[in-house]
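In: Fold the following, please.
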Amino acid sequence: MIDGGRPAAGQTKRYAQKREAILDAAARHFNARGIRGTALNDVGGSVGLMPNSITYYYRRKEDLAAACYGSTIAWHEALLAETAASADPPRRLSAFLAAYFRDLAAIETGARPPQVRLTDMRALPEPQSAMVYAAYNAFFRQARAAFFPEAAFPGLDRDALNARTHLVISVVHTVRAWIDRYEAADYPRVGERVADLLLRGLAGPESRWSGDAPDPVATPADPTEPFLRAATALINAEGYRGASVEKISARLSVTKGSFYHHNDNKDDLIAQCFARTFEILRREQEAAEAAGGSGWMRITACARALMRHQVSERGPLLRCTAVGALPDSLRAEIPLTMRRLWERLAFPIGDGIADGSIRAIDPSIAAQVVSSMIDAASDLDRWCEVEGAHAADVFARPLFVGVYAPSG
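Out: A predicted model of the protein is given here:
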């Protein structure tokens, strides 16, 4: 069991309160700097503990991180438990989202303690990662059973059910990367709109999903491309600090000398990884715009192309969460550029509302939800087996037509 910081038998009240304070402080540090960018002493200093004193409560930083993740997973499970009285899967999903946004507002105003984001879990080493992933997988199964029970969806196989569950959970997790642009008092309203998008999709009355998946736009040959792909995958998995020169080289079965033959240093390579992701996003967005058609045709064409890229050998793209643990030298412009590029998706969505191909929705929130789906496709293979050409049908289509729409 992961210690989520709850008082155990024999603990004094003061001891338990200090552990809770440590968890709260750690969640803030991990959210701001990632696991690898946070030192145990940083957390101790936030709660008035001398450098060696915090080890009385948590011997290692990884134990503290695992406890934070355990607390957040338990919070999600408690939200699921609140939906048990709902009569059917759509109502359960709506109830879960309402409770989630309610609690996010309470966290923002300080009425509830902070919760660590689940985006940096892969940075945990063994044995902590095994415990955290076991807990997360258990939550995933609970969510699938609540939102997409097999008995209620006989036309969907396990891969399709897993894909839709991963879609919903990924949208939920990614909300925390953009919800801060709204007032806490408006979080419930935002939650209603996210729920509406997941339940009903984006399609207007006459719009239909196309299974055609355009090939990703060709890119010029680049001798550093293998290093860029390897570094991107490692950053997605372990964050900036986890993507060391040694690990990047080992992933490609080359020496460190070979790494430095092609790259000046790690930070330059990381910056190039972001530049590569930004260029791919721009090219696919511009290609969809150049192809023309209704807003629905352009946004779905862009999504299909980016999905195809994500699951191809040329993928993945850097996840939006990769900006969280960047060093100060890279933190100024990169997060802003990432946000701007994903928000560009609101343009074809708004055009689609105007031309009737997309129903009346909030374009800004819809752009965030669509970008969350594309972003989460980078680890779709963890939850289901799907060929690249069909990934968009399995993962993107449910968002655009509604997660409870029939398959096909």
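
In: So for the single longest helix found in the chain, mean pLDDT?
Out: The residue-count maximum for a helix in the chain (DSSP state H) belongs to helix 266-291. The pLDDT scores in helix 266-291 average 92.

In: buried residues in the helix or strand just after it?
Out: With elements assigned by DSSP states H and E, the helix or strand that comes after helix 266-291 is helix 295-310. Neighbour-count burial for helix 295-310, counted by 16 or more other C-beta atoms under 10 Å, picks out 295-310. Any C-beta I mention is one placed from the backbone N, CA and C, and that applies to glycine too.

In: how distant is the host helix or strand of Ala134 from the center of its chain?
Out: Assigned by DSSP H and E, Ala134 falls within helix 128-147. Distance, stretch centre to chain centre, for helix 128-147: 15 Å (C-alpha atoms, centre = their mean, to the nearest Å).

In: How about stretch 257-277?
Out: Centroid displacement of stretch 257-277 relative to its chain, using C-alpha atoms, centre = their mean, is 24 Å.

In: How about residues contacting it?
Out: Counting by C-beta atoms under 8 Å, 6 or more residues apart in numbering, stretch 257-277 makes contact with 223-224, 227-228, 231-232, 235, 240, 243-245, 248-249, 317-318, 322, 326-327, 329-330, 334, 337-338, all of which sit outside it.

In: Now which of those residues would you call buried?
Out: Buried subset of these (neighbour count, 16+ other C-beta under 10 Å): 227-228, 231-232, 235, 240, 243, 248-249, 317-318, 322, 326, 334, 337-338.

In: what's the most distant pair in these?
Out: Of all pairs drawn from the buried ones among the contacts of stretch 257-277, the one with the longest distance (C-beta to C-beta) is Ser249 and Thr337, at 27.7 Å.

In: And the pLDDT for the closest residue to Thr255 other than its chain neighbours?
Out: Once flanking residues are discounted, Thr255 sits nearest to Ser249: 6.4 Å by C-beta to C-beta, 6 or more residues apart in numbering. What the model reports for Ser249 is a pLDDT of 90.

In: what do you get for Ile235?
Out: pLDDT, read off for Ile235, is 86.

In: What is the burial count for the spatially closest residue to Ile35 that is not a sequence neighbour?
Out: Of all residues not flanking Ile35 in the chain, Ala123 sits nearest, at 4.4 Å (C-beta to C-beta, 6+ apart). The number of residues packed around Ala123, counting by other C-beta atoms under 10 Å, is 21.

In: swap in Lys247?
Out: Using other C-beta under 10 Å, Lys247 has 15 neighbouring residues.

In: Would you mind listing the buried residues in stretch 60-78?
Out: Of the residues in stretch 60-78, those buried (16+ other C-beta under 10 Å) are 61-76.

In: pLDDT averaged over the one helix or strand Ala21 maps to - what is it?
Out: Assigned by DSSP H and E, Ala21 belongs to helix 13-33. Mean pLDDT, helix 13-33: 91.

In: on contacts alone, who are the packing partners of it?
Out: Packing contacts for helix 13-33, counted by 3 or more C-beta pairs under 8 Å, 6 or more residues apart in numbering; DSSP states H and E, involve helix 40-46, helix 61-82.

In: Identify the residues contacting the helix or strand of the chain with the lowest mean pLDDT?
Out: When the helices and strands of the chain are scored by mean pLDDT, DSSP states H and E, helix 328-331 comes last with a mean of 72. Helix 328-331 is touched from outside by 240, 267, 270-271, 274, 323, with contacts defined as C-beta under 8 Å, 6+ apart.

In: can you dump the C-alpha coordinates of the helix or strand following that helix into PDB?
Out: Counting by DSSP H and E, the next helix or strand C-terminal to helix 328-331 is helix 334-343. This file holds the C-alpha atoms of helix 334-343, laid out as PDB (Å, rounded to 0.1, in the frame of the first residue of the first chain):
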ATOM      1  CA  ILE A 334       8.700  27.400 -24.400                       C
ATOM      2  CA  PRO A 335       5.500  27.100 -22.300                       C
ATOM      3  CA  LEU A 336       4.000  30.200 -24.000                       C
ATOM      4  CA  THR A 337       4.700  28.800 -27.500                       C
ATOM      5  CA  MET A 338       3.300  25.400 -26.600                       C
ATOM      6  CA  ARG A 339       0.100  27.100 -25.300                       C
ATOM      7  CA  ARG A 340      -0.300  29.300 -28.300                       C
ATOM      8  CA  LEU A 341       0.100  26.400 -30.800                       C
ATOM      9  CA  TRP A 342      -2.500  24.300 -29.100                       C
ATOM     10  CA  GLU A 343      -4.900  27.300 -28.800                       C
END
